[in-house]
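Student: curious how this folds, go ahead:
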Amino acid sequence: MKLQSLKKTDEFSSVFSFRKRLYGEWLIAHVKPNVHTHHRFGLVVSKKIAKLAVDRNYMKRVLRELCRLEQSATNGYDVVFQVRKAFAQADFQRVQREVSFLLMKLQKRATESNPRDT
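Tutor: As a prediction, the model looks like this:
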């Protein structure tokens, strides 16, 4: 399934201004509930973290694929992943675990704040 992504500056700004964050060693996940039934992802890798465009693009490619694989975990949220620390191919497994952990933490918070009637 194709990954729904945030594209416009206003969409990113609204997620950042909502000020809900989940922190990990490699990433910060900025989170905002959305009105859509689907989830949307955004990725931010600054020049301060990785000077070369090839390194920034590698990190975005990796995160995009990890988000695509984990997209069922975040229904109804806009999530912007901001890279805190540069990572390379050797760190892939740890970054993969962190993305899964952050999205699992988000899902857990969502179910605690909105318990479903059974």
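
Student: rest of the way, CA atoms for contacts and neighbours
Tutor: Noted.

Student: how about the strands in the protein?
Tutor: Secondary structure of the chain (DSSP state E): strands located at 20-23, 27-33, 40-44, 77-83.

Student: which one, of the ones you listed, ends up nearest to residue 61?
Tutor: Residue 61 sits nearest to strand 40-44 of all the strands of the chain, at 9.5 Å, using Cα to Cα.

Student: give the other helices and strands that the one helix or strand in the chain whose mean pLDDT sits lowest contacts.
Tutor: In the chain, no helix or strand scores lower on mean pLDDT, DSSP states H and E than helix 92-113, which sits at a mean of 86. The elements that helix 92-113 packs onto, with contact taken as 3 or more Cα pairs under 8 Å, 6 or more residues apart in numbering; DSSP states H and E, are strand 20-23, strand 27-33, helix 53-69.

Student: chain center to the first one: distance?
Tutor: Right, strand 20-23. Using Cα atoms, centre = their mean, to the nearest Å, the distance from the centre of strand 20-23 to the centre of the chain it belongs to is 10 Å.

Student: need the residues that contact that strand.
Tutor: For strand 20-23, the surrounding residues in contact (Cα atoms under 8 Å, 6 or more residues apart in numbering) are 28-32, 102, 106.

Student: make TSV from these and add distance to residue 95 and neighbour count to it.
Tutor: TSV is the format used below for those (distance: Cα to Cα, whole Å; neighbours: other Cα atoms under 10 Å):
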residue	distance to residue 95	neighbour count
28	12	20
29	13	24
30	16	22
31	18	23
32	22	19
102	10	19
106	16	20
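
Student: which ones are touching residue 70?
Tutor: If you count contacts by Cα under 8 Å, 6+ apart, residue 70 has them with 100, 103.

Student: nope, residue 5 is what I meant
Tutor: Residues in contact with residue 5, defined by Cα under 8 Å, 6+ apart, are 40-42.
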